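[1] Take this sequence and fold it.
(chains A and B)
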Amino acid sequence: MTQPLVSVKDLSVQFTGNRKAQALSQVSFDLAPGEVLGLLGESGSGKSVTLRTLLRLHPERTTQVSGSVQVAGHDVLNLQGKALNHYRGGVASMVFQEPGLAFDPVYTIGQQMVEAILAHDGVDARTAQQQALQMLERVQIPQARRRLDAYPHELSGGMRQRAMIALALVCRPQLLLADEPTTALDATVQIQILLLLRELQKETGMSVIFVTHDIGAAVEVADRLAVMYAGRLVEMGDVAQVVQQPLHPYTRGLLASTVSAENRGQPLQAVPGSSPNLANLPAGCSFAPRCAHATAQCRREVPPTVLRGASALACWQPESEGQVW
Amino acid sequence: MTSSPVSDVLAVQDRGGPAQPLLVVKNLKKHFPVRGGLFEREPKFVHAVDGVSFSVAAGSTLGNVGESGCGKSTTARLIARLMPPDSGSLVFDGDGVAEYGGMALKEFRRNLQMVFQDSFASLNPRLTILETIAYGPQVHGMDAAIATQEGRALLARVGLEPDQFASRYPHELSGGQRQRVNIARALAFHPRLVILDEAVAALDKSVQAQVLNLLQELKAERQLTYVFISHDLHVVHYISDEVMVMYLGQVVERGPVERIYSDAAHPYTRALLLAVPSMDPAQRTQHSPLMGDPPNPINPPNGCRFRDRCSMAQDLCAASTPLLRAVGPYAEHIVACHMNDPMSGYRHATVKPSAAAALEATV
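    Below is the predicted model of the structure:
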């Protein structure tokens, strides 16, 4: 395997503000250059926290971070000042779920893009303007020249998300972090954005971490899938393997409870219960209270994440139901 | 109007029987005025719901799908009379609603309940969940002790242990639990029709499956009729008996769920179904079935409203508005598209082979 672009080791994040929570517990994964990793999980599973930590967006005063994060040779957790500013946007940048909230409403799309270009590249304003226009054209915004002077509220949801992607990519980052970029969009627009992301990824060769709770969206763009539960990475593997032969009971439950044409007319195989409280995690495997295969060991000890090449699994009972890891 | 005995104020019976439509909606319209600029002389309107007619058979589930802004939620709110329609009428189990000689609005609302998407915003933060559930029936004249007792039974039924949950406030519950409370509150009236407006959209997948199972069980137990509004085509496929597809305030296609999902007739329905992400990494979507966003519902295009996004559109589609008519021999399956109407003058021969093939591949 070539040198990974992103290398996360034993990353733990704890929020120590008014509401305490163990948001991430010992998450480790590598990402190769040009690879697309889908980060799948329900609300509170830590997928967005992982992304935000990669960009150092959490308030330092109320967040305790341990472990290490290396992105393209940068020690992300120890970046300061100018180096951090260069890293954000220049090496890694982010596309948010709500483009309506992520843009500044009082500046035009063009002004915001030009500002980013001027901050990162030593070019003059005219060139920056030119680059912004080219980028808008690349994300297939019709009448790009006019949209440059448009305010965020003048664009439709899908168009705003395209502009958001253009803004994220305008300084040619090596890593794109996409935090549920299509969740707020209609299905017909969602598929356009997914196809666009896939196309841009191929064109630029960047790596992408794509966070979603929608398995279908992840399958459309990702090479590898990582499934998170209650702040831990429980399973990781090739998309086809995870979707077709899931090993972790949680992944299996998630796939079984996904509504599709086959289970019409019969009850869904729902996972009982709900996700644990992050302020008060159970002692052993956090999925044990909901798991049909849980043993005394599962309730007592946290299962280690066993890495095998690009795959990973954290389960004491991986062979339940005849699945052999 | 007959007066009901005090002992069972909430008891209602199905009069029409199973074969009769429980709810008939006729030509429902709602146009919201938009404040124009200072010098704009003509007032503008958002055509949110523009002549929607349908019926829901007793004991069935009608799924209502469409993109955001197509009028699905406004239709639901108009039916529940959360806002007055500009025109249109409702017939509930044979009685006209809120009209002379028909059913009083208060009585209608007892028969119809609604569950909303935002489980938190639809609960009163200052009432415990048991108070919330027991409140409505008391307004309708039920004794407080009985209402509380029934409320506890309902909580148990939706899977929330009354001893543990009854005295909690909404913020002390998770999203899935709150949505169960909303369902229990709706059922406290013994309604016959429940409108579920994106009721499972905000829930995590594993919890969504639990709530869908609960809804199916309750429907069988209590002979409920559902109008299920959702943008999630998988969920609609799973739960519905009939599906109604809306586009820009109008119904474009409607039919039994198997017909819609296997042999959709409207190009828009086909595009919607194609836009669902593939679950097989070996068969990823290669082309987007529709370009652009849904158009602005202010000043919708004349003729067929879908025509400027439709790859099959011809001059005819701009010139005349297609009407809902049966697809071939299937009387239950109706569609508003000139391609379906042999008398419309649509020239099938001139359809570009590539466009036709792309659409054929979907079915």
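
[2] how far does stretch B:255-269 sit from the chain's center?
    17 Å (C-alpha atoms, centre = their mean, to the nearest Å).

[3] How about that stretch, which residues are buried there?
    Buried residues in stretch B:255-269, counting neighbours by 16 or more other C-beta atoms under 10 Å in any protein chain shown, are found at B:255-257, B:259-261, B:264-269. Where you see a C-beta, it was placed from the backbone N, CA and C, and this is true even at glycine.

[4] B:V207: how many residues sit nearby?
    25 (other C-beta atoms under 10 Å in any protein chain shown).

[5] what's the helix or strand for it?
    Using DSSP states H and E, B:V207 falls within helix B:205-222.

[6] Pull the residues that contact that helix.
    Helix B:205-222 is contacted by residues A:42, A:213, A:215, A:253-254, A:257-259, A:267-272, A:274, B:61, B:157-159, B:174-176, B:179-180, B:183, B:187, B:190, B:196, B:199-200, B:203, B:224, B:226, B:235, B:238-239 when judged by C-beta atoms under 8 Å, 6 or more residues apart in numbering or on different chains.

[7] Might you list the low-confidence residue ranges for chain A?
    A:1, A:261, A:319-325 (pLDDT under 70).

[8] Helices of that one, start to end?
    In chain A, the helices defined using DSSP state H lie at A:47-54, A:81-90, A:99-102, A:109-120, A:125-138, A:144-147, A:157-169, A:187-204, A:215-221, A:239-244, A:249-256, A:296-300.

[9] Give me the neighbour count for the closest residue to B:A144 other than its chain neighbours.
    Spatial nearest neighbour of B:A144, chain neighbours left out: B:Q138 (5.7 Å); criterion: C-beta to C-beta, 6 or more residues apart in numbering or on different chains. Using other C-beta under 10 Å, B:Q138 has 16 neighbouring residues.

[10] Check the gap between B:Q138 and B:R152 for me.
    In this view, B:Q138 and B:R152 are 14 Å apart by C-beta to C-beta, to the nearest Å.

[11] any weak-confidence spans in the stretch 1-150 of chain B?
    In the stretch 1-150 of chain B, residues with pLDDT under 70: B:1-19, B:36-40.

[12] Might you report the residue contacts of the closest residue to chain A within it?
    Chain A sits closest to B:E67 of the stretch 1-150 of chain B, with a gap of 4.2 Å, by C-beta to the nearest C-beta. Counting by C-beta under 8 Å, 6+ apart, B:E67 makes contact with A:186-189, B:231, B:247, B:272, B:294.

[13] Mind putting the residues you listed into CSV with distance to A:F96 and neighbour count?
    Putting the contacts of B:E67 into CSV (distance: C-beta to C-beta, whole Å; neighbours: other C-beta atoms under 10 Å in any protein chain shown) gives the following:
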residue, distance to A:F96, neighbour count
A:D186, 18, 22
A:A187, 20, 22
A:T188, 21, 24
A:V189, 16, 26
B:H231, 21, 20
B:Y247, 29, 25
B:L272, 26, 25
B:P294, 22, 22
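
[14] hmm, which two among those are most spread apart?
    Spatial extent of the contacts of B:E67 (C-beta to C-beta) is set by the pair A:V189 and B:Y247 at 14.4 Å.

[15] Quick one: closest of the helices of chain A to chain B.
    With C-beta to the nearest C-beta as the yardstick, what comes closest out of the helices of chain A is helix A:215-221 (3.1 Å).

[16] what sits up against that closest one?
    A:36, A:38, A:40, A:182, A:190-191, A:194-195, A:197-198, A:201, A:208, A:210, A:212, A:225, A:239, A:243, A:254-255, A:258, B:205, B:276-281, B:284-285.

[17] helix/strand/coil for B:V194?
    strand (DSSP: H, G, I helix; E, B strand; the rest coil).

[18] Pull the contacting residues for B:M103.
    Counted by C-beta under 8 Å, 6+ apart, B:M103 has contacts B:92, B:95-97.

[19] Buried among these? Need that as a selection in ChimeraX.
    Per 16+ other C-beta under 10 Å, the buried members of the contacts of B:M103 correspond to this ChimeraX selection:
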select /B:92,95,96,97
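
[20] Flag every residue of the stretch 51-200 of chain B that's near chain A.
    B:67-68, B:174-177 (C-beta under 8 Å from any C-beta of the partner chain).

[21] Centre-most residue in the chain?
    Picked chain A for this. Among the residues of chain A, the one closest to the centroid is A:V211, at 2.9 Å (C-alpha atoms, centre = their mean).

[22] ah, no, chain B please
    B:I229 (3.4 Å).

[23] Buried residues, stretch A:152-160. List them.
    For stretch A:152-160, by 16+ other C-beta under 10 Å, it's A:152, A:155-160.

[24] ok, how many other residues are close to residue 276?
    The chain I'm using is chain A. The number of residues packed near A:P276 is 18, by other C-beta under 10 Å.

[25] Chain B is the one I meant
    Neighbour count for B:V276, taken as other C-beta under 10 Å: 19.

[26] try B:E42
    Neighbours of B:E42 using other C-beta under 10 Å come to 6.

[27] returning to that earlier point: CSV for the contacts of B:M103, including secondary structure?
    Formatted as CSV, these follow (three-state DSSP):
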residue, secondary structure
B:F92, strand
B:D95, strand
B:G96, strand
B:V97, strand
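
[28] Tell me which two in the contacts of B:M103 are the farthest apart.
    B:F92 and B:G96 (8.1 Å).

[29] Now do the helices for chain B: every range, in order, please.
    For chain B, applying DSSP H gives helices covering B:72-79, B:105-111, B:129-139, B:144-157, B:162-165, B:175-187, B:205-222, B:233-239, B:257-263, B:267-274, B:315-319, B:353-360.

[30] Nearest to A:H293 among the ones you listed would be which one?
    Taking the helices of chain B one by one with C-beta to C-beta, helix B:205-222 is closest: 16.0 Å.
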